[in-house]
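In: Mind folding the following:
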Amino acid sequence: MAYQSKDLSVLAYANGFTLWHYVTADAAASLDTTGYFNSAVDMLRTGDIIIANVDTATTPKAGLFLVSAAGSGVVDVNDMTQIGGVNAD
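Out: All right, here's what the predicted structure looks like:
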């Protein structure tokens, strides 16, 4: 799949920082590929954080992505820091 603007939403904004939410069936490794979020370059800024729900069609995961670069038409995010882990009932 690819980035879908309808799946990116603002959760909070303050002092030039935005906290985002994104949901996708794509794997986390796809999102942290340089260019995945290029269509959102006019909205995302370096230092923003994206809370993401990924792999929603298979084995859902959640995590945080730091926007490490956003400018000149290119967005790059760091690898996902996963929230939660194995459910050891």
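In: alpha carbons only for contacts and neighbour counts from here, please
Out: OK.
In: quick one: which helix or strand includes the residue nearest the centre of the chain?
Out: Closest to where the C-alpha atoms of the chain average out (C-alpha atoms, centre = their mean) is I50, at 4.3 Å. If you go by DSSP states H and E, I50 is part of strand 49-54.
In: Adjacent strands (with direction) for the helix or strand following that strand?
Out: Downstream of strand 49-54, the first helix or strand assigned by DSSP H and E is strand 61-71. Strand pairing for strand 61-71, determined by DSSP bridges: strand 49-54 (antiparallel), strand 74-77 (antiparallel), strand 81-83 (antiparallel).
In: how about strand 61-71: buried residues?
Out: For strand 61-71, a neighbour-count test (16 or more other C-alpha atoms under 10 Å) marks K61, A62, G63, L64, F65, L66, V67, A69, A70 as buried.
In: Let me see the contact set for the fourth one.
Out: For L64, the contact set (C-alpha atoms under 8 Å, 6 or more residues apart in numbering) comprises I49, I50, I51, A52, M80, T81, Q82, I83.
In: surely the third one meets G63?
Out: Yes. In this structure I51 lies within contact range of G63 using C-alpha atoms under 8 Å: 5.8 Å.
In: rewinding a little: which one of the contacts of L64 sits closest to D26?
Out: A52 (10.5 Å; C-alpha to C-alpha).
In: Retrieve the pLDDT associated with that closest one.
Out: For A52, the pLDDT comes out at 98.
In: give me the number of residues near G35?
Out: G35 has 18 neighbouring residues, counting by other C-alpha atoms under 10 Å.
In: What strand or helix carries it?
Out: Going by DSSP H and E, G35 is not in any helix or strand.
In: Check A29 too.
Out: Per DSSP H and E: helix 28-31 holds A29.
In: nearest to F37, of the strands paired with strand 61-71?
Out: strand 74-77 (5.6 Å).
In: If anything else comes up later, I'll come back, but that's it for now.
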